[in-house]
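>>> Have a look; sequence and predicted model below, questions after that.
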Amino acid sequence: MIDFVKDVRLWFAPQRVKDEGETPDYRFSLANERTFLAWIRTALALVGGGFAVDQFLPDLRWGVRVGMSLALLAVGAACALRAVNHWVRCERAMRRGEDLPISRFPVVLSLGVGLVAVSMVLVVLMGWTSRP
Amino acid sequence: MTASGTAGRDAGLQPERTRLAWRRTTLACSVTAVLALRTALRGSGSAVEVLGTAVIVLIWLAFLGIAHRRVRQLAAARPPGLAPRSALAAVACTVALSVFAVAVIF
């Protein structure tokens, strides 16, 4: 948790990242940037999915629809915040010549998306819709 | 691409790939913004709808602006690294869309 607070401070103080170590080969930085963008796209897709569930599934019960929508939106926001955090940590690790940070987040995200998919299948199979 | 940018390029076309990644991300942001607009416009024509539309368009324009600036930087043969401020701003746009969604859906 304290590490996380330190990371958050780094988001807002770019010069502190640049103070450390040596500037890596620009190609590594660009690769890190593309990974960051891929995570941002994932986050945008999840947020878009949240809008889509609310808009295009009117037959679902209000609670189910809003719950699923909120779950997707929350995961999307978490994904975006984690993207910038991971980007800063990777940039710092490359400057210091350390190993890149490992993360549990991809597993958590996969499980979360899988959970939403399975619950959607259950909702359809069990007929938990307002209009039969 | 300008002719001056072609000197000393690396074989992996890294700046180009990064530029295309920004383009894909802009596209994803546009799709999400359109979905957000569809949610915001529910046909009542109230002041809340106008406000919601304005917020979404502003978020979308902000994202386009960040992407445009970065794409121009990437035209250099050895582009500088992504500024943390730009990264934060892109993330802020995504989170803002999400917060907006929560506000509208409830």
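Great, that's in hand. Residues are numbered from 1 along each chain as shown, chains lettered A, B, ... in the order given.

>>> from here on, contacts and neighbour counts on C-alpha atoms
OK.

>>> where do the helices sit along chain B?
Ranges of helices in chain B, per DSSP state H, are B:14-40, B:47-73, B:84-105.

>>> and the ones you listed as TSV, adding distance to chain A and mean pLDDT?
Listed next are the helices of chain B as TSV, based on distance: least, C-alpha to the nearest C-alpha, whole Å; pLDDT from 0 to 100:
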stretch	distance to chain A	mean pLDDT
helix B:14-40	5	93
helix B:47-73	11	92
helix B:84-105	5	91
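
>>> can you list these in TSV and add distance to A:Thr23 and mean neighbour count?
Output for these, formatted as TSV (distance: least, C-alpha to C-alpha, whole Å; neighbours: other C-alpha atoms under 10 Å in any protein chain shown):
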stretch	distance to A:Thr23	mean neighbour count
helix B:14-40	17	20
helix B:47-73	18	16
helix B:84-105	15	20
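
>>> Provide the backbone phi and psi angles at the closest residue to B:Ala87 other than its chain neighbours.
Distance criterion C-alpha to C-alpha, 6 or more residues apart in numbering or on different chains; nearest residue to B:Ala87, sequence neighbours excluded, is A:Val84 at 6.5 Å. Dihedral pair for A:Val84: phi -70, psi -40, per degrees, to the nearest 10.

>>> Surely A:Val84 touches A:Ala38?
No - counting by C-alpha atoms under 8 Å, A:Val84 stays clear of A:Ala38, with 11.4 Å between them.

>>> Between these two, which is the more surrounded one?
Counted by other C-alpha atoms under 10 Å in any protein chain shown, A:Val84 and A:Ala38 do not tie: A:Val84 has more neighbours, with 26 against 17.

>>> Show the contacting residues for that one.
Taking C-alpha atoms under 8 Å, 6 or more residues apart in numbering or on different chains, we find A:Val84 in contact with A:Trp11, A:Phe36, B:Ala87, B:Leu88, B:Val91.

>>> now, the most widely separated pair of the residues you listed?
The largest separation in those, counting by C-alpha to C-alpha, is between A:Trp11 and A:Phe36 at 13.7 Å.

>>> More neighbours: which of the two?
Legend: neighbour count by other C-alpha under 10 Å for A:Trp11 and A:Phe36, higher for A:Phe36 (23 against 20).

>>> tell me which element the more buried one falls in.
helix A:26-56 (DSSP states H and E).

>>> Could I get the buried residue list for that helix?
Using 16 or more other C-alpha atoms under 10 Å in any protein chain shown as the test for burial, helix A:26-56 gives A:27-30, A:32-55.

>>> Excluding chain neighbours, give the residue nearest to the residue positioned nearest the centre of chain B in space.
Geometric centre of chain B, nearest residue: B:Phe63, 2.9 Å, by C-alpha atoms, centre = their mean. In this structure, B:Phe63 finds its nearest non-sequential neighbour in B:Ala90, 6.1 Å apart by C-alpha to C-alpha, 6+ apart.

>>> In contact with that neighbour, which residues are there?
The contact partners of B:Ala90, by C-alpha under 8 Å, 6+ apart, come to A:Ile40, B:Phe63, B:Ile66.

>>> quick one: contacts for the second one?
Just to be clear, that refers to B:Phe63. So B:Phe63 contacts B:Thr26, B:Cys29, B:Ala89, B:Ala90, B:Cys93 (C-alpha under 8 Å, 6+ apart).
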